[in-house]
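> Give me a 3D structure for the following:
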Amino acid sequence: MKVFGLDIKRSRPKRRAYEAADKSRRGKSFRLAGSTGANREISGALVTLRDRSRHLVRNNGWSKRAIEVIARHTIGEGIQPAPIGDLDKIRHIKDIWHDWAESTACDWYGKLNFYGLQELAMRTIAEGGDVLIVRRWVMPDEDCPLPIKLQILEGDQLDHTRDGINDRGIVRLGVQYNREGQVLGYWVFDYHPGDGVFFGTRCESQFVEKADVAHAFEILRPGQCRGVPFGVAAFMKTGDFSDYEDAQLVKQKIAACFAAFVLGSEDTDTEPYEALEPGIIEHLSDVEKVEFANPPAVGDYDPYSSRILQGIAAAYGITYEMLTMDYSRVNFTSGRMAKIDVTANFRSWQYNMIVPQLCAPVWNWFLKACLIAGKITKPIRADWTAPRVQQLDPTKETDAQVKRIKSGLATISEVIREMGREPDEFFKEYQQDVQRLREMDITVDSLNVFVDNPPQNG
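Residues are numbered from 1 along each chain as shown. You can find the predicted model right below:
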């Protein structure tokens, strides 16, 4: 094209795009990517993911270890309530809580205390995706001081086939909503559907009001109504790696079964050997030539396995060292960095999942039961204290905590909570110890704190 007598080449505008959105051969690994909502994705995969997760935990040591780490580090000795208010009322409510929650009186099956139920619930979430805690009303007796018990149910008992519009509103995977999208309750089976053959009856779900059910799971997307098992991003890799480990083991076992071969002409009198055992020397014929076996080497097994296990640990949200219990390559700095990183996951599971979805509802049920039983006249609010995080170097970390308190960057109560203790209980116990030491005329360094202001009785 000529403009003012000059030849100008027409240029096409460059096409601007994201390489990550490429749909050619390079993007074939994203062929399953779609724009589905959270609940639609879960509805088509929930049962399969749950079954595969349990299969891995039953048959794969790495998956079993990952679930144990998640449950025990998240719950530990238990996430404990810290009532707020008048000291006498706090002591009274804690006595009631101790009799009910810190004994098996709170468990519908009479096996665990409340902190044991917490760990069971966390394990159920990690392994199966979600858990139901159902409030059961009972008559108080000498074994159970309050009229309630807690029943832990697996997510299987939440009827995922209930999905669509009904006369109550909208139901999604067993969770009943009203027309505005607020939870009304849950469609729950009376018993585990996997035990239907044992009970010999057709399993049909019943509607249970929201007030009687606590439904806990990790929320990953807005509007999500059901949870998925932990570590799903590594399920395929874990299964393949398990097959690889078995193949390596079998290869070495077979290689070890032959130590040497005696070669020569055919001997028709020799019986064919149809069994293998380590260190055998097999006579192929009656000659003097001997040839030794050359077993295959596995020199790259350790680095390859370490890399795969790092990916599996990352999918579960824990460290490689936690998964494998291999601390040979850890120093203080790397260990502390890993601890800070993974502690954030545990704190998130504690305070964004277990406390609001499980502990808070149970505390409200507990208070209502206390009011019905006439043990209190007014509800008491409570915070929750997670178990302390184990220190890598107690000397260095304790010194850092002392400096934080002295510089005014932290209170004593704050540091005590970080250690997994409840401040009121700690100070009361500390006061009793100091008084006992004074009465017995025993001197320790900690008594210097009270030299100018000795503790008062009571």
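> Low-confidence stretches in the stretch 351-458 of the chain?
The stretch 351-458 of the chain contains residues with pLDDT under 70 at 391-393, 420, 445-458.
> and what of the chain?
Checking the chain against pLDDT under 70 turns up 1-17, 196-202, 257-299, 391-393, 420, 445-458.
> which residues in it form helices?
In the chain, the helices defined using DSSP state H lie at 38-59, 61-75, 87-101, 114-128, 196-199, 235-257, 301-316, 320-324, 332-349, 360-372, 394-406, 412-418, 423-439.
> Reformat those helices as TSV; add distance to residue 386.
Backbone N, C-alpha and C define where each C-beta goes, glycine included. Output for the helices of the chain, formatted as TSV (distance: least, CB to CB, whole Å):
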stretch	distance to residue 386
helix 38-59	24
helix 61-75	8
helix 87-101	16
helix 114-128	11
helix 196-199	38
helix 235-257	29
helix 301-316	19
helix 320-324	17
helix 332-349	7
helix 360-372	14
helix 394-406	17
helix 412-418	8
helix 423-439	14
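> Of all those, which one is nearest residue 139?
Nearest to residue 139, of all the helices of the chain, is helix 360-372, at 11.6 Å by CB to CB.
> So which residues make contact with that closest one?
81, 93, 96-97, 100-101, 114, 133, 135, 146-148, 150, 214, 376-377, 379-380, 382, 384 (CB atoms under 8 Å, 6 or more residues apart in numbering).
> now those: which count as buried?
81, 93, 96-97, 100-101, 114, 133, 135, 146-148, 150, 214, 380, 382, 384 (16 or more other CB atoms under 10 Å).
> burial count for the residue lying closest to residue 50 once chain neighbours are set aside?
Closest residue in space to residue 50, ignoring its immediate chain neighbours: residue 128 at 5.1 Å, by CB to CB, 6 or more residues apart in numbering. Neighbour count for residue 128, taken as other CB atoms under 10 Å: 24.
> Contacts only, for residue 128.
50, 53-54, 154-156, 229.
> and the gap between it and residue 212?
Applying CB to CB, to the nearest Å, the value for residue 128 to residue 212 is 21 Å.
> and if you look at residue 135?
Taking CB to CB, one finds residue 135 at 5 Å from residue 212.
> which residues sit in contact with the closest residue to residue 349 other than its chain neighbours?
Nearest non-adjacent residue to residue 349, counting by CB to CB, 6+ apart: residue 74, 4.8 Å away. By CB under 8 Å, 6+ apart, the contact list for residue 74 reads 122, 346, 349-350, 354.
> same deal with residue 228?
Contacts of residue 228 (CB under 8 Å, 6+ apart): 42, 45-46, 49, 129, 218, 220.
> Now, of the residues you listed, which are buried?
Buried, going by 16+ other CB under 10 Å: 42, 46, 49, 129, 218, out of the contacts of residue 228.
> Looking at those, which is nearest residue 174?
Using CB to CB, these come closest to residue 174 at residue 46, 10.1 Å.
> ends of stretch 326-338, how far apart?
With CA to CA, to the nearest Å as the measure, stretch 326-338 spans 14 Å from end to end.
> tally of neighbours for the residue lying closest to residue 159 once chain neighbours are set aside?
Leaving aside its chain neighbours, residue 159 sits nearest to residue 205 (3.6 Å; criterion: CB to CB, 6+ apart). Residue 205 has 18 neighbouring residues, counting by other CB under 10 Å.
> Okay, residue 205 and residue 439: tell me how far apart.
62 Å.
> Make sure residue 43 is actually in contact with residue 160.
Yes. Counting by CB atoms under 8 Å, residue 43 does reach residue 160; the two are 6.9 Å apart.
> Need the overlap of contacts for these two.
Joint contacts of residue 43 and residue 160 (CB under 8 Å, 6+ apart) are residue 173.
> Show me which of those two is the more surrounded one.
Between residue 43 and residue 160, counting by other CB under 10 Å, residue 160 is the more crowded of the two (21 against 18).
> dump the residue contacts of that one.
Residue 160 neighbours (CB under 8 Å, 6+ apart): 43, 46-47, 173-174, 226.
> For it, which non-adjacent residue is closest in space?
Nearest non-adjacent residue to residue 160 (CB to CB, 6+ apart): residue 173, at 4.5 Å.
> Repeat that for residue 338.
residue 319 (4.8 Å).
> Now for that neighbour: which residues touch it?
Taking CB under 8 Å, 6+ apart, one finds 313, 338, 341-342 in contact with residue 319.
> Return the residues in contact with the residue nearest to residue 160.
39, 42-43, 46, 158, 160, 162-163, 225-226.
> Closest one of those to residue 243?
residue 46 (25.1 Å).
> correct me, but that closest one touches residue 158?
No. With contact defined as CB under 8 Å, residue 46 does not count as touching residue 158 (10.0 Å).
> How much space separates the residue nearest to residue 160 from residue 152?
Counting by CB to CB - residue 173 and residue 152 are separated by 20 Å.
> One more: residue 47?
The separation that residue 47 has from residue 152, given CB to CB, amounts to 20 Å.
> Also residue 42?
From residue 42 to residue 152 the distance is 21 Å (CB to CB).
> CA atoms only for stretch 31-45, dumped as CSV, please.
Provided in CSV are the C-alpha atoms of stretch 31-45 (Å, rounded to 0.1, in the frame of the first residue of the first chain):
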residue,chain,number,x,y,z
ARG,A,31,-7.6,-31.4,29.7
LEU,A,32,-9.7,-32.0,32.9
ALA,A,33,-9.7,-28.4,33.9
GLY,A,34,-13.1,-26.8,33.8
SER,A,35,-15.3,-24.1,35.3
THR,A,36,-17.4,-26.3,37.5
GLY,A,37,-18.5,-25.1,40.9
ALA,A,38,-17.1,-26.5,44.1
ASN,A,39,-20.1,-28.6,44.9
ARG,A,40,-20.4,-30.0,41.4
GLU,A,41,-16.7,-31.1,41.4
ILE,A,42,-17.1,-32.7,44.8
SER,A,43,-20.4,-34.5,44.0
GLY,A,44,-18.8,-36.4,41.1
ALA,A,45,-15.7,-37.4,43.1
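> which residues touch residue 54?
127-128.
> how close does the residue nearest to residue 338 get to residue 360?
Residue 319 is 29 Å from residue 360, by CB to CB.
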